[in-house]
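okay, structure incoming, though there's no sequence with it:
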């Protein structure tokens with residue numbers, strides 16, 4: 001059955017952010033109608049994996065279960081089902097139980113938490129590390145914990161929402177510079193000369209898959225005497241010597257390095273690493289740390305083993321980059337727009353046709369490819385896309401099957417567009 005073609009003038013999620021009614025528990029007028037009229041598209045959202053995250057599996061989506069190649073999960077090194085990681089998690093579960101059951105400041109820390117903090121700091125060449133029970137909450141909490149009213153948070157315009165929310169929560173002034181543009185950064189820093197300022201970057205930008213241009217940006221921050229905070233959610237364990245991230249080679253210029261455990265580590269939570277005195281202060285002024293329960297010990301046990309497995313040699317990273325090059329070269333060779341980056345995060349940008357975005361999602365899913373549609377306002381209206389996550393666990397056969405489906409479904413659309 002043919003679905004209605006949403007025009008660019010039709011409402012989107014962006015139009016319902018600020019309700020105008022009297023009751024905050026009542027959604028904005030028109031939201032329910034919008035949900036109903038977009039059910040044909042939204043049925044592709046909140047898919048249910050029917051097993052462990054891996055390169056292949058079953059997924060319940062749109063009311064049916066399908067065998068798929070999974071190109072949507074951030075399991076970059078394949079650690080989610082690594083036998084050593086699973087064994088370590090089971091041992092931690094049996095030894096420490098299911099939860100920390102307390103704030104890290106009061107009662108939630110155990111020997112595993114302390115060991116992980118110590119090993120992360122040593123691995124990254126930092127004085128200290130601090131754990132968070134949420135990736136988003138840790139990025140947000142880190143900035144909220146160190147910035148104050150009157151400060152200026154200067155973010156790359158493509159920074160993740162958790163970083164924007166953290167700066168807002170701190171009541172600091174938010175300022176943006178053009179993506180990876182040192183001249184724009186210089187202008188913004190000069191505009192707020194005399195203020196306490198912090199430059200905020202990402203290692204790999206999660207929607208475009210490109211990396212921070214540290215060689216161009218760091219000298220500008222240094223010229224103004226301003227420190228840099230970097231979020232390495234998608235770059236930790238993938239980039240840098242032994243996976244230490246993009247910041248490792250510049251750790252004298254980047255005092256604070258944040259990363260999540262939800263991508264290459266294949267767990268949950270996050271951490272920030274940096275100077276001992278800075279983190280000592282943050283522990284008492286970061287509400288998302290001091291007023292949240294610690295990471296469950298079973299998670300910490302798995303992360304510790306994952307760190308060991310991922311850093312004992314470069315085997316998994318080498319496989320990840322070989323798979324990434326293979327997929328990117330062939331996708332680009334088909335004429336797909338995979339952006340300017342070279343990372344394992346590969347956008348497939350299709351333009352502004354929202355109907356096509358979701359209809360192709362359904363068709364690819366039915367044919368055995370799990371890709372997630374990225375809709376406006378998460379990306380610009382003319383930059384609707386799929387976001388591919390390449391992993392070390394994928395085989396060439398997995399990637400070939402995915403590429404064949406993309407060639408049959410997406411390439412013809414792009415040729416017509």
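Ah, there it is. As the structure is a computational prediction, the values presented were derived from the model and not from experiment.

tell me where the protein has helices.
Taking DSSP state H as the test, the helices found in the chain are 31-37, 39-42, 83-96, 111-124, 135-146, 161-170, 182-191, 214-223, 276-285, 287-290, 297-311, 315-333, 354-367, 396-416.

return the most buried member of those helices.
Among the helices of the chain, helix 135-146 has the highest mean neighbour count (mean count of other CB atoms under 10 Å), at a mean of 26. Where you see a C-beta, it was placed from the backbone N, CA and C, and this is true even at glycine.

and the helices of the chain as a markdown table, adding distance to residue 105 and mean pLDDT?
Below are the helices of the chain laid out as a markdown table (distance: least, CB to CB, whole Å; pLDDT from 0 to 100):
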| stretch | distance to residue 105 | mean pLDDT |
| --- | --- | --- |
| helix 31-37 | 40 | 90 |
| helix 39-42 | 41 | 89 |
| helix 83-96 | 19 | 97 |
| helix 111-124 | 12 | 98 |
| helix 135-146 | 13 | 96 |
| helix 161-170 | 19 | 96 |
| helix 182-191 | 35 | 98 |
| helix 214-223 | 32 | 98 |
| helix 276-285 | 7 | 96 |
| helix 287-290 | 5 | 93 |
| helix 297-311 | 17 | 98 |
| helix 315-333 | 35 | 98 |
| helix 354-367 | 44 | 95 |
| helix 396-416 | 45 | 95 |
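
how's the protein carved up into domains?
Using automatic domain parsing, the domain ranges for the chain come out as 39-70+314-416, 83-311.

on that earlier part again, want to throw the helices of the chain into CSV with distance to residue 74?
As requested, these are exported to CSV (distance: least, CB to CB, whole Å):
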stretch, distance to residue 74
helix 31-37, 27
helix 39-42, 22
helix 83-96, 15
helix 111-124, 19
helix 135-146, 10
helix 161-170, 15
helix 182-191, 28
helix 214-223, 22
helix 276-285, 26
helix 287-290, 21
helix 297-311, 13
helix 315-333, 12
helix 354-367, 18
helix 396-416, 16
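
out of the ones you listed, the one nearest residue 387 is which?
helix 354-367 (11.8 Å; CB to CB).

could you give the angle of that closest one to helix 396-416?
150 degrees (axes from the mean of the first three to the mean of the last three CA atoms, to 10 degrees).

which secondary structure elements does helix 354-367 contact?
helix 39-42, strand 64-70, strand 345-351, strand 373-374, strand 384-389, helix 396-416 (3 or more CB pairs under 8 Å, 6 or more residues apart in numbering; DSSP states H and E).

mind checking which of the ones you listed is nearest residue 313?
Per CB to CB, nearest to residue 313 of the helices and strands packed on helix 354-367: helix 396-416, 21.5 Å.

packing partners of the closest one?
When contacts are defined as 3+ CB pairs under 8 Å, 6+ apart, helix 396-416 sits against strand 64-70, helix 315-333, strand 345-351, helix 354-367, strand 369-370.

a markdown table please, covering the ones you listed and showing distance to residue 266.
Listed next are the helices and strands packed on helix 396-416 as a markdown table, based on distance: least, CB to CB, whole Å:
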| stretch | distance to residue 266 |
| --- | --- |
| strand 64-70 | 13 |
| helix 315-333 | 11 |
| strand 345-351 | 16 |
| helix 354-367 | 23 |
| strand 369-370 | 17 |
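
mind putting the domains of the chain in TSV, distance to residue 10 included?
Formatted as TSV, the domains of the chain follow (distance: least, CB to CB, whole Å):
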stretch	distance to residue 10
domain 39-70+314-416	9
domain 83-311	23
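
so for residue 182, which of the helices and strands packed on helix 396-416 sits nearest?
Of these, nearest to residue 182 by CB to CB is strand 345-351, at 23.0 Å.

who touches that closest one?
204-209, 234, 324, 327-328, 331, 336-339, 341, 356-357, 360, 371, 374, 382-390, 406, 410, 413-414, 417 (CB atoms under 8 Å, 6 or more residues apart in numbering).

equivalent analysis for stretch 178-185, please.
Taking CB under 8 Å, 6+ apart as the rule, stretch 178-185 contacts 154, 156-158, 177, 199, 205, 210, 212-213, 216-217, 219-221.

from those residues, pick the one nearest residue 85.
Once CB to CB is applied, the member of the contacts of stretch 178-185 that ends up nearest residue 85 is residue 205, at 27.5 Å.

list the contacts for that closest one?
156, 158-159, 179, 211-212, 234, 341, 345.

which among the residues you listed end up buried?
Among the contacts of residue 205, the ones that count as buried by 16 or more other CB atoms under 10 Å are 156, 158-159, 211-212, 234, 341, 345.

and of the contacts of residue 205, the nearest to residue 113?
residue 234 (24.2 Å).

was I right to think the closest one contacts residue 207?
No: counting by CB atoms under 8 Å, residue 234 does not reach residue 207; the two are 10.4 Å apart.

picking that back up, out of the contacts of stretch 178-185, which one sits closest to residue 60?
residue 205 (30.6 Å).

what sits against the nearest residue to residue 52 once chain neighbours are set aside?
Spatial nearest neighbour of residue 52, excluding adjacent residues (CB to CB, 6 or more residues apart in numbering): residue 81 at 5.0 Å. By CB under 8 Å, 6+ apart, residue 81 lies in contact with 52-54, 393.

rewinding a little: which one of the buried ones among the contacts of residue 205 is nearest residue 96?
Nearest to residue 96 among the buried ones among the contacts of residue 205 is residue 234, at 29.3 Å by CB to CB.

which non-adjacent residue is nearest that closest one?
In space, and not counting its chain neighbours, residue 234 is closest to residue 204: 3.8 Å by CB to CB, 6+ apart.

what bridges to the one you found?
Per DSSP bridges, the residues bridged to residue 204 are residue 211.

correct me if wrong: it contacts residue 236.
No: under the criterion of CB under 8 Å, residue 204 makes no contact with residue 236, lying 9.4 Å away.

with neighbour numbers in mind, choose between those two.
Per other CB atoms under 10 Å, whichever of residue 204 and residue 236 has more neighbours is residue 236, with 31 against 25.

for the closest residue to the more buried one other than its chain neighbours, give me its contacts.
Nearest non-adjacent residue to residue 236, counting by CB to CB, 6+ apart: residue 259, 3.8 Å away. Contact analysis of residue 259 by CB under 8 Å, 6+ apart lists 203, 231-233, 235-236, 245, 270-271.
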